[in-house]
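# just need the structure, nothing else, for what follows:
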Amino acid sequence: MTQVSFYTGVPERLAYVCRLLRKAQQSGARIGVCGPAALLRRLDTALWAFEPIEFVPHLDLSAGAADQVVIAATPILLHEHALELVHREVLLNLGAEVADGFEQFQRVLEVVSQDDAQVQAGRRRFRHYEELGLNISHHKVAS
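Numbering: from 1, shown residues only. Below you'll find the predicted structure:
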């Protein structure tokens, strides 16, 4: 059964996502990130500039065809659609809705900022997971 973790009250969502991805990658996890294309492009740029002395290895699959060896060796993959991600360990959903195919992943991460629209969308996703009877953990992020 998929385990879901919510991180709410995040003051700067993109920066928090970068830190979360770095931590997950350092623990050896293989992560797929899905969401709107424009947001994934901003995340890609943020990951390249995140830490000047530390590289967070990732690949934006939305950008076009990539070598299967490179895809297999890259721990963080970005794509608009969760079902296009080859890693099925951890899914970080940046979309406003529950990601199609989320149940194929062992774990789903949801990061919700303090923005009203984000909070409302996050509540809808939380209720959806709850209605499915999934194990949900909730982490309130301090400013």
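
# now do the phi/psi pair for the nearest residue to Gly32 once chain neighbours are set aside.
The shortest distance from Gly32 to any non-neighbouring residue, by C-beta to C-beta, 6 or more residues apart in numbering, is to Leu85 (3.2 Å). Where C-beta positions appear, they are placed from N, C-alpha and C, glycine not excepted. Backbone torsions of Leu85, given as degrees, to the nearest 10, read phi -80, psi 130.

# and the residue nearest the centre of the protein?
For the chain, the residue nearest the mean C-alpha position is Leu92 (1.9 Å; C-alpha atoms, centre = their mean).

# pLDDT weak spots in this protein?
By pLDDT under 70, the low-scoring segments of the chain are 65, 143.

# let me know the outermost residue of it.
Within the chain, the residue lying farthest from the chain centre (C-alpha atoms, centre = their mean) is Ile53, at 22.9 Å.

# just the strands in this protein please.
Assigned by DSSP state E, the chain shows strands spanning 3-10, 31-34, 58-60, 76-79, 90-93, 107-113, 135-140.

# Gln25: which of those strands is closest?
Closest of the strands of the chain to Gln25 is strand 76-79, at 5.8 Å (criterion: C-beta to C-beta).

# hang on, Glu54 packs against Arg22?
Yes - taking contacts as C-beta atoms under 8 Å, Glu54 lies within contact range of Arg22: 7.4 Å.

# out of these two, which sits in the more crowded spot?
Using other C-beta atoms under 10 Å, the more surrounded residue of Glu54 and Arg22 is Arg22, with 18 against 8.
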